[in-house]
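J.: below is the structure, and that's it, no one-letter string:
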């Protein structure tokens, strides 16, 4: 899970989930605590989906 | 007085035989054998090949440590000031043997060594950082070019002269970056380089763009509801106070932290040790970097089998790839031993 | 736009009753300087010390370095948005106390602050061992929030630098340099046959101690834009004390930007230097994409043949650098990149975090991971214990005898990606 996807692609990661921002990849301090946690959950669920999906090369999970 | 050199060659170049003789055991002959003749000419009066160590390629491959020790012993016995191995061109076993004995002699006796290999010889990647390797052609047709370069590089080292840039010396790059002071400041070098590039004139970049490893993707997790998931981060999340003293930049270690019973990373209990981003938000709520709270929820709901009770953390800021790789190997091993099925890595 | 830099060469500093320059000596009324800075209610105490090249002095944690400058003539005042109003600068006459610098230190704000050694092996690497330094040691009042504290320190450095120059307005300059920056119509038709070149100037913009300011605007909030090189000389771009000490562009190196200096030196001879484009290095991917595309679009609107691109910092900004590079090259604009390296202490790792085949012309300012031992100094200004926590230091950096083992990363300006120094790297 990373914000700067081009770097993850350059260095060879295979399952990539784009995140919010470098200082808070899994959060957004501008949101309410509830909305922020919902955002984090959505991203983590996407990571779990990526881990459950077969890939044959570098794949970015935008959804 | 001429420097005393010992020369390592295989059974083929010693004239003993080809593949059928590759098992032949080591022997030492006084004076030059095979390509040693050409080397003798190139070394002139300044250095003399006093002995030649001959070993079959398969014999070496099967007894690497023992034969390397024998070469060290022979170098001692003949009071050698230096070792030349090969040239081995693109011969894989022979090249690996040449590079290995060079490294062994250098480490044991701290005397100059050199070999000559083709760029893609497997011996190159194994030892390029440790020993000077003259770039040779892929076959013995390149002997004429390799021999004078070998002699020159060896004599320079024997006389204590610094070796120049790899391209000037005919050496393969070790792949090690070294700082140096140029004549001009960087800005002027950049403008001068751009002018050359615009004119279509040749220019030399000061750093060739990096190349990174690729790994084969792992098969997916079959059943997430029974899987044990671990969290690993390069975002520097650590217990408050940074007990393992992970550096703010160029980390030299990683930490392993037990989160049994922890359902949320709270401000004041956890923090980031990372010096490469504004720490304000991660310190306010460390879950923004390491989502323990959400994974605990998912664990409770049964969406994952369990959250591994230990997380691993380091600082990915100015941290060398080689260091990161060594951390990754060790963390991976520990996770595998703990029967973790999948890992979520977060980075900042 | 035309700017004259009136330079007084300073070779020595001393305390005295009246602030002014004479015979290359800058005399400073310490009380006047300190009381000026204490006007800021956020500062409880300010100490001022002098440090000269060759002194057995170590300064840490050093936040920023600022060259004393002020306007003699022309609209606005230096450091617009901080000292001056936000009027456009870069025209008229500016006084420069060349060879002098204000260094700011005091309680650590974040790990990006650095070390300046005035003598010994560390002095080889920092530009500020060659300047005569007025070192300001700040103590804030309790309870100032960190972002605000950084701004307090930053502003105090500018005030001191401006004060020193402003007291020398009546003193005669040793040299006068003229810089012209003509209107676009003229610039474009000048020197037919010479390739048109612009400078793409990347500014750190990632939050606390990672910010840069342009006319008082936080650079993370700008779209890439054009700036006259003469505005840069007047302090339109200032440092928010960014990234690691080695490769943050201090305010001193901004106003003395060596890329601009070299482009001027070749202007009309090998190239036609037509513009400076500033861009940022933000923390989201969308920002990085937008800024790199927009900056390259500006270069295309200028119709340039070549770009010098300088990075600030390392790690994720390498992604900005690489995007700027390939987007420009694919638009037919030839590029040279200035960066530095994080190749590990042994030099065996990849130096950059990102890569593209178009980056075939790269100048480096050296491997910041290289380790150096700094011997003890007779005097330390600041807080030596911070060596354990600044970027490039590590726990145990500070030894009992006062020596320090650090990476070059911890030394102010050591691997300046503006190409300020002669240091570079090569592959063995």
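T.: On my side now, so go ahead. Quantities reported herein were computed from a predicted structural model and do not represent experimental measurements.
J.: residues contacting residue C:212?
T.: C:203-205, C:219, C:237-240, C:242, C:249, C:280, C:312 (C-beta atoms under 8 Å, 6 or more residues apart in numbering or on different chains). C-beta here means a position set from N, CA and C on the backbone, and glycine is covered the same way.
J.: and for residue B:263?
T.: Residue B:263 touches B:292-293, B:296, counting by C-beta under 8 Å, 6+ apart.
J.: how about residue C:240?
T.: For residue C:240, the contact set (C-beta under 8 Å, 6+ apart) comprises C:150, C:154, C:204, C:209-213.
J.: how about 7 Å then?
T.: C:150, C:154, C:209, C:211-213 (C-beta atoms under 7 Å, 6 or more residues apart in numbering or on different chains).
J.: what is the top helix by length along chain A packed up against?
T.: Longest among the helix segments of chain A by residue count, using DSSP state H, is helix A:33-51. Judged by 3 or more C-beta pairs under 7 Å, 6 or more residues apart in numbering or on different chains; DSSP states H and E, the packing partners of helix A:33-51 are helix B:292-301.
J.: mind checking what helix or strand follows the helix it packs on in sequence?
T.: strand B:306-307 (DSSP states H and E).
J.: which neighbouring elements make contact with that following strand?
T.: Using 3+ C-beta pairs under 7 Å, 6+ apart, strand B:306-307 sits against helix B:292-301.
J.: any idea which residue sits dead centre in chain A?
T.: Centroid-nearest residue in chain A: residue A:17, 3.0 Å away (criterion: C-alpha atoms, centre = their mean).
J.: quick check: chain neighbours aside, which residue is closest to residue C:239?
T.: Nearest in space to residue C:239, with sequence neighbours left out and distances taken as C-beta to C-beta, 6 or more residues apart in numbering or on different chains, is residue C:251 at 4.6 Å.
J.: and the gap between the closest residue to chain C within chain A and residue C:189?
T.: When distances are taken as C-beta to the nearest C-beta, chain A reaches nearest to chain C at residue A:22, 3.9 Å away. Counting by C-beta to C-beta, to the nearest Å, the separation of residue A:22 from residue C:189 is 44 Å.
J.: neighbour count: these two, which is higher?
T.: residue A:22 (26 against 10; other C-beta atoms under 10 Å in any protein chain shown).
J.: what about the closest residue in space to the more buried one that isn't next to it in sequence, which SS state?
T.: Nearest non-adjacent residue to residue A:22, counting by C-beta to C-beta, 6+ apart: residue C:283, 3.9 Å away. Here residue C:283 is coil, with the state taken from DSSP: H, G, I helix; E, B strand; the rest coil.
J.: what is the burial count for residue C:283?
T.: Neighbours of residue C:283 (other C-beta under 10 Å): 23.
J.: now residue C:221
T.: Residue C:221 has 10 nearby residues by other C-beta under 10 Å.
J.: the closest residue to chain C within the stretch 101-250 of chain B - how many residues pack around it?
T.: When distances are taken as C-beta to the nearest C-beta, the stretch 101-250 of chain B reaches nearest to chain C at residue B:186, 2.7 Å away. Neighbour count of residue B:186, defined by other C-beta under 10 Å: 30.
J.: now do the contacts for it.
T.: C:338, C:363, C:365, C:419, C:421, C:424.
J.: which one of the residues you listed is nearest residue C:20?
T.: residue C:421 (31.6 Å; C-beta to C-beta).
J.: what about the residue of chain A found nearest chain B, how many residues nearby?
T.: Chain B sits closest to residue A:27 of chain A, with a gap of 3.1 Å, by C-beta to the nearest C-beta. Per other C-beta under 10 Å, the neighbour tally for residue A:27 reads 26.
J.: state the distance from it to residue C:179.
T.: 46 Å.
J.: need the three-state assignment for residue C:372.
T.: strand.
J.: OK, contacts around it?
T.: C:121-122, C:406, C:408.
J.: check what pLDDT it gets.
T.: Model confidence at residue C:372, given as pLDDT, is 96.
J.: same check, this time on residue C:241
T.: Taking residue C:241 on its own, its pLDDT is 70.
J.: follow-up on the earlier one: quick one: the residue nearest to residue A:22 and residue A:25 touch, right?
T.: No: taking contacts as C-beta atoms under 7 Å, residue C:283 lies outside contact range of residue A:25: 9.6 Å.
J.: returning to what we had before: backbone dihedrals for the residue of chain A closest to chain C, please?
T.: In terms of degrees, to the nearest 10, the main-chain angles of residue A:22 are phi -60, psi -50.
J.: residue contacts, it?
T.: Counting by C-beta under 7 Å, 6+ apart, residue A:22 has contacts A:3, B:277, B:348, C:206, C:283, C:316.
J.: filter these down to just the ones in helices.
T.: residue C:316.
J.: among the contacts of residue A:22, who's most crowded?
T.: residue B:348 (31 neighbours).
J.: what sits closest to that residue if chain neighbours are left out?
T.: In space, residue B:348 is closest to residue B:235, 4.0 Å off (C-beta to C-beta, 6+ apart).
J.: beta partners for that neighbour?
T.: residue B:315 (DSSP bridges).
J.: that older thread, closest one of the contacts of residue C:372 to residue A:10?
T.: Distances from residue A:10 to the contacts of residue C:372, taken by C-beta to C-beta, are shortest for residue C:408, at 24.7 Å.
J.: distance check, the closest one against chain A.
T.: 23 Å (C-beta to the nearest C-beta, to the nearest Å).
J.: just to revisit the earlier point, export the contacts of residue B:263 as a markdown table, with columns for pLDDT, distance to residue C:231 and neighbour count.
T.: Below are these laid out as a markdown table (pLDDT from 0 to 100; distance: C-beta to C-beta, whole Å; neighbours: other C-beta atoms under 10 Å in any protein chain shown):
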| residue | pLDDT | distance to residue C:231 | neighbour count |
| --- | --- | --- | --- |
| B:292 | 98 | 48 | 19 |
| B:293 | 98 | 48 | 21 |
| B:296 | 98 | 53 | 18 |
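J.: surely the residue of chain A closest to chain B touches residue A:42?
T.: No: at 11.7 Å, residue A:27 does not count as touching residue A:42 under the criterion of C-beta under 7 Å.
J.: are we agreed that residue B:87 is in a strand?
T.: Yes: if the criterion is three-state DSSP, then residue B:87 is within a strand.
J.: touching, it and residue B:116? I think so.
T.: Yes: here residue B:87 lies in contact with residue B:116, judged by C-beta under 7 Å, at a distance of 3.6 Å.
J.: intersection of neighbour lists for the two?
T.: By C-beta under 7 Å, 6+ apart, residue B:87 and residue B:116 have these common neighbours: B:136, B:146, B:150.
J.: just give me the neighbour total for the first one.
T.: Number of residues near residue B:136 (other C-beta under 10 Å) recorded here: 28.
J.: do the same with the second one
T.: For residue B:146, the neighbour count with other C-beta under 10 Å is 27.
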